[in-house]
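A.B. asks: Any chance you can model this:
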Amino acid sequence: MYPDSIKNLVESFKYLPGIGEKTAERLAFSILELEDEQIEMFSDSLKEVKKKIHKCRKCNTLTDQDLCFVCSDPTREGKTICVVEDTKSVFLFEKLGMFHGKYHVLDGLISPLDGINPEDIGLNKLLDRINEEKFEEIIFAFKPSIEGETTSLYIKKILEDLNIKITRLASGVPIGADMEYVDSLTLERALNDRKVIE
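C.D. replies: Predicted coordinates for the structure are as follows:
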């Protein structure tokens, strides 16, 4: 029922995660209301991000330079590395402004059920970097899930002969959560990671 150009735009929006038919239609009609300059900027931005963005050769974070903004910053603390599953996590930590070490982005998490094995997540690059840069602490900042736990334990096993402190983000029951709705994995983690009240 739509003209082909609108139909194609709707289908294009559906490539994005979480966008169904109705949202795609709404976005397509919103595009029609934009000024020509806004459409031009939108179109150019899509092409530019696809053309210029790539992985940092050192840490795997997405960047438009050879080295990302963290790896090229000489003021970063070089003894600690935070290992994350995706670039979004790096930007999240940077917005907080509390971590001043380095990062390494894996190509996902180990998930045998999904056919993602240790050799699929770029561990060799991480291990080479750990050997070269002589970090004193490695922080695992993965989501609290079976995949995150599996990946943490696997890397920890590989590194057990090295004299490196290995930590992970604290996790447990979030503030304001109703205990009735907290899943069993989170409760177990919270119980195991309990702290002394001071």
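A.B. asks: Past the helix ranked longest in the chain, which element shows up next along the chain?
C.D. replies: If each helix of the chain is counted by residues according to DSSP state H, the longest one is helix 36-52. Per DSSP states H and E, the first helix or strand lying C-terminal to helix 36-52 is strand 54-55.
A.B. asks: Give the pairing partners of the next helix or strand after that next one; include direction for each.
C.D. replies: With elements assigned by DSSP H and E, the helix or strand that comes after strand 54-55 is strand 62-63. Take DSSP bridges as the rule and strand 62-63 pairs in its sheet with strand 54-55 (antiparallel).
A.B. asks: Touching the partner strand from outside, list them.
C.D. replies: Residues from elsewhere that reach strand 54-55 (Cβ atoms under 8 Å, 6 or more residues apart in numbering): Thr61, Leu62, Thr63, Asp64, Val105. Yep, even glycine has a C-beta here, placed from its N, CA and C like the rest.
A.B. asks: List the residues that contact the closest residue to Val105 other than its chain neighbours.
C.D. replies: Spatial nearest neighbour of Val105, chain neighbours left out: Asn60 (3.8 Å); criterion: Cβ to Cβ, 6 or more residues apart in numbering. Residues near Asn60 by Cβ under 8 Å, 6+ apart: Thr87, His104, Val105, Leu106, Asp107, Gly122, Lys125.
A.B. asks: 10 Å instead, please
C.D. replies: Applying Cβ atoms under 10 Å, 6 or more residues apart in numbering to Asn60 gives the contacts 68, 71, 84, 86-87, 90, 103-107, 122, 125-126, 129.
A.B. asks: Just name the shakiest helix or strand of the chain by mean pLDDT.
C.D. replies: Each helix and strand of the chain was given a mean pLDDT (mean pLDDT, DSSP states H and E); the minimum falls on helix 184-192 at a mean of 77.
A.B. asks: now for that helix, which elements pack on it?
C.D. replies: helix 146-159 (3 or more Cβ pairs under 10 Å, 6 or more residues apart in numbering; DSSP states H and E).
A.B. asks: Hey, what's the angle from the helix it packs on to helix 184-192? Just curious.
C.D. replies: 50 degrees (axes from the mean of the first three to the mean of the last three Cα atoms, to 10 degrees).
A.B. asks: The contacts of strand 54-55 into CSV, with extra columns for pLDDT and distance to Asp36?
C.D. replies: Formatted as CSV, the contacts of strand 54-55 follow (pLDDT from 0 to 100; distance: Cβ to Cβ, whole Å):
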residue, pLDDT, distance to Asp36
Thr61, 96, 35
Leu62, 96, 30
Thr63, 97, 31
Asp64, 96, 26
Val105, 97, 38
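A.B. asks: who wins for most neighbours among these?
C.D. replies: Val105 (24 neighbours; other Cβ atoms under 10 Å).
A.B. asks: Surely that residue touches Arg129?
C.D. replies: No: using Cβ atoms under 10 Å, Val105 makes no contact with Arg129, being 11.3 Å away.
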